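Participant: Show me the folded form of this:
(one chain, ligands or ions: 1)
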Amino acid sequence: MHFMSALRAAWQQRDSLLCVGLDPDPARFPAHLQGRPDAVFEFCKAIVDATADLVCCFKPQIAYFAAQRAEDQLEALIAHIHVRHPGTPVVLDAKRGDIGSTAGQYAVEAFERYRADAITVNPYMGRDSVEPYLAYADKGVILLCRTSNPGGSDLQFLEVGRPGGGVEKLYERVARLVAEDWNASGNCALVVGATFPDEIARVRALTGEMPLLVPGIGAQGGDIAATVAAGRSADGTGLMINSSRAILYAGADEDFAAAARRAALDTRDAINAYR
Ligand SMILES: O=c1ccn([C@@H]2O[C@H](COP(=O)(O)O)[C@@H](O)[C@H]2O)c(=O)[nH]1
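Facilitator: Predicted coordinates:
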């Protein structure tokens, strides 16, 4: 199924804009999983099974798996999501960016090896560096636009000349470029941090109904009410609002998955209160 169709169906059927981020850090695993060779898979599987009915998508962050030499466990986890929770889109957070020939390999890795439904991509090497991902027309290509970290302003807030006159911020140029040019197959989305609600509103204004992946609530302190008000689309959807650590590590004991479910439920409901 096309990523965008699956996402729209998940928004409606699960009544949720929540994306649970899968950032497995063994140092924070409960004691009974410590030292197990399959701990990364078992931890994430328990979180996925406890929260799948509450989310519009899952977002595994590839660095957490690669750092543990657990890429095989990432493959198994995504396969598990597809089999046990069909219709739940998986966004591989990899923030790839390279010349076209290498980008083609990254696209194969994301969509054919891991079988992700969407990938995050860094747009700053330009169109040809993104085309290998765009060529998978049924997959989502989610471009960094206004990231949630404070240092995002170093470059993304620079003023650049606007074709035809005037100036705009670099993140605005990215938003317009993606909405007006790169999204010919309708498979693009943008990353905009919950820590910057004014910029979420600006990106929403520039991109119409384009889905936005919004990290930064929970551990990074972004405001849910402001995020939803700024970013929802006309029908009250349009957002994948990510929370990782605040949900994954809501509990530290053997019942960690139940604690994660309670945290996910509270977060989903807090989001829905402002839709
Ligand atoms: O601008 C961005 C882009 C990506 N991220 C990723 O989202 C999660 C956030 O984790 P929390 O624990 O909810 O803070 C993490 O995987 C980041 O790599 C982001 O935070 N900001």
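Participant: Need the pLDDT of the residue in the stretch 51-200 of the chain that the ligand sits nearest to.
Facilitator: Proximity to the ligand, evaluated over the stretch 51-200 of the chain using C-beta to the nearest ligand atom, is greatest for residue 147 at 3.2 Å. C-beta coordinates here come from the backbone N, C-alpha and C atoms, glycine included. We have a pLDDT of 98 for residue 147.
Participant: Let me see the contact set for it.
Facilitator: Residue 147 makes contact with 156, 191, 193, according to C-beta atoms under 8 Å, 6 or more residues apart in numbering.
Participant: Quick check: phi and psi on the closest residue to residue 159 other than its chain neighbours?
Facilitator: Nearest residue to residue 159 in three dimensions, chain neighbours excluded: residue 167, at 4.5 Å (C-beta to C-beta, 6 or more residues apart in numbering). Note on residue 167: its backbone torsions stand at phi -130, psi 160 [degrees, to the nearest 10].
Participant: and if you look at residue 145?
Facilitator: Dihedral angles for residue 145 - degrees, to the nearest 10 - are phi -120, psi -60.
Participant: so who does the nearest residue to it once chain neighbours are set aside touch?
Facilitator: Leaving aside its chain neighbours, residue 145 sits nearest to residue 190 (4.2 Å; criterion: C-beta to C-beta, 6+ apart). Contact analysis of residue 190 by C-beta under 8 Å, 6+ apart lists 142-145, 174-175, 178, 203, 207, 210-213.
Participant: most neighbours, which of those residues?
Facilitator: Highest neighbour count within the contacts of residue 190: residue 145, with 29 neighbours (other C-beta atoms under 10 Å).
Participant: hmm, back to that, wait, is the residue nearest to residue 145 part of a strand?
Facilitator: Yes: the assignment for residue 190 is a strand, going by DSSP: H, G, I helix; E, B strand; the rest coil.
Participant: Report the beta-bridge partners for it.
Facilitator: Per DSSP bridges, the residues bridged to residue 190 are residue 143, residue 212.
Participant: just to revisit the earlier point, out of the contacts of residue 190, which two sit at the greatest distance?
Facilitator: Taking C-beta to C-beta as the measure, the contacts of residue 190 span a maximum distance of 15.2 Å, between 174 and 211.
Participant: and residue 186, helix, strand or coil?
Facilitator: Relying on three-state DSSP, one would call residue 186 coil.
Participant: Quick one: name the residues of the stretch 151-275 of the chain near the ligand.
Facilitator: Counting by C-beta under 6 Å from any ligand atom, the stretch 151-275 of the chain comes close to the ligand at 191, 193, 215-216, 218-220, 242-245.
Participant: And the residue of the stretch 51-200 of the chain closest to the ligand, how far from residue 123?
Facilitator: Separation of residue 147 from residue 123 (C-beta to C-beta, to the nearest Å) stands at 11 Å.
Participant: Checking my notes, residue 59 in a helix, right?
Facilitator: No: counting by three-state DSSP, residue 59 is not found in a helix; it is strand.
Participant: and the helix or strand hosting residue 266, what does it pack onto?
Facilitator: Residue 266 belongs to helix 256-272 when assigned by DSSP states H and E. When contacts are defined as 3 or more C-beta pairs under 8 Å, 6 or more residues apart in numbering; DSSP states H and E, helix 256-272 packs onto strand 18-22, helix 39-51, helix 224-231, strand 239-243, helix 245-248.
Participant: most tightly surrounded among those?
Facilitator: For the helices and strands packed on helix 256-272, the largest average neighbour count (mean count of other C-beta atoms under 10 Å) is found in strand 239-243, namely a mean of 28.
Participant: other SSEs contacting that strand?
Facilitator: strand 18-22, strand 57-60, strand 212-215, helix 224-231, helix 256-272.
Participant: Export those to TSV and append columns for mean pLDDT.
Facilitator: Below are the helices and strands packed on strand 239-243 laid out as TSV (pLDDT from 0 to 100):
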stretch	mean pLDDT
strand 18-22	99
strand 57-60	99
strand 212-215	99
helix 224-231	98
helix 256-272	98
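Participant: quick one, what contacts the closest residue to residue 157 other than its chain neighbours?
Facilitator: Among residues not flanking residue 157 along the chain, residue 169 sits closest, at 5.5 Å (C-beta to C-beta, 6+ apart). Listed by C-beta under 8 Å, 6+ apart, the contact partners of residue 169 are 156-160.
Participant: With that, I have no additional questions.
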